[in-house]
Structures are given as C-alpha cells and as structure tokens.
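Colleague: Next comes the sequence, and after it the predicted model I'd like to discuss.
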Amino acid sequence: MALALMWLVDAYGGGDEVIKQRANELRAKARESGQSARGASLGRQHPMAKRNPEAWAVRVRELGAEIRRHPHFGPKGTNVNFVQVLGPNQIRVRTFERGVEDETLACGTGVSASALISCRVHGFTSPVRVQVRGGDVLEVGFHEAGGEFSDVRLTGPAEFSFTGRVELQP
C-alpha cells in the first residue's frame, strides 16, 4: 500500500518563504518514493498520512511516532493524522499526538485539518463529517472562497469529564 503524506505547515516558523521551501522539500521527497503529498494551513502542524482502504488497520503508534519525529518537522515534531475517505464529505481520522506520544481518541485541530485537506484533494464541500477513534462523529463546517478557507467550525458532542481543586499558597 502506498502512503501519501499530507501536512499543515504553519508551525514551522520563519515566515511564508520558509514554509513554502519546506513544503516543496516534502513534495519532492514524496515524489522520489512514488508517494504523494498535500499541504494546507490551519495554525498548527498536522501532517496527514492517507492510507487505504482501512484507517482502523493502520499501525498508528509505530507510523505516527516515525512521522512525528521526522527532521522536516523540526525539533518539536508534530501531530500525525491517518485519514480514510468513507464517502462524499465523510472521512475517518486517527491521530498520533506529540506530548502524549500515542494515539488519542480525537484531536480537534487534526480533525479540522483533515477535513480541509480532504476538501482540497477530494472536492468535498462544507460540512464534512468525521468519525474519530473515540466513536463520535464530528462535523467540520467552513466557508471557501478564492481557494481560501474561513470561519472553520468544529461541532460534536461534549461531556463533562472531571472536576478538580488546586490550592495556591500566597
């Protein structure tokens, strides 16, 4: 199976020219190995590995850790999303998060990034329904005009998970 790497580049730093240069480097590396690469911008760095036909069968921990630490993402690394197209305007996403260093049940920026890149690559329109590992189906809505996205909204269930108390000494 081919692995296609798609990414978001904002977290590189260094301005637009550095971002464009690194995006072009990733595209060239992907072409050399017979893969494809796509990019978009959302404010956080989220490469997407697109593997077909079954996102649930991907070895997220192994592949995510490898991509997360790739030198192209600098010393801080990145989160990694694995995406499967389920149908028109529907995808499934699994996420390996840096810091956690493992798969998480969902990632808001990763889900949003995956939906926007899927819009570009597959011609999806707003809203995009996204199934996450935790079992929820989220929805990413947006406006697109002139090739630019705006008003990106993520909606889905929210539950109260815990309460805590911290006492601070004066």
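Modeller: Right, received. Where do you want to start?

Colleague: Contacts only, for the closest residue to Arg153 other than its chain neighbours.
Modeller: With Cβ to Cβ, 6 or more residues apart in numbering as the criterion, Arg153 has its nearest non-adjacent residue at 4.5 Å, and that residue is Gly141. For every residue, glycine as well, the C-beta is placed using N, CA and C. For Gly141, the contacting residues are Ser126, Pro127, Asp151, Val152, Arg153, Thr155, by Cβ atoms under 8 Å, 6 or more residues apart in numbering.

Colleague: Could you do Arg61 as well?
Modeller: Going by Cβ under 8 Å, 6+ apart, Arg61 touches Phe96, Asp102, Glu103.

Colleague: in a helix, that's where it is, yeah?
Modeller: Yes. Arg61: assigned to a helix according to DSSP: H, G, I helix; E, B strand; the rest coil.

Colleague: which residues in this structure form helices?
Modeller: With helices called from DSSP state H, the chain shows them at 15-32, 60-68, 108-122.

Colleague: and which of the contacts of Arg61 is nearest to Lys76?
Modeller: Distance to Lys76 across the contacts of Arg61 (Cβ to Cβ) is lowest for Phe96, with 14.5 Å.

Colleague: quick revisit: what's the pLDDT at the residue nearest to Arg153?
Modeller: What the model reports for Gly141 is a pLDDT of 96.
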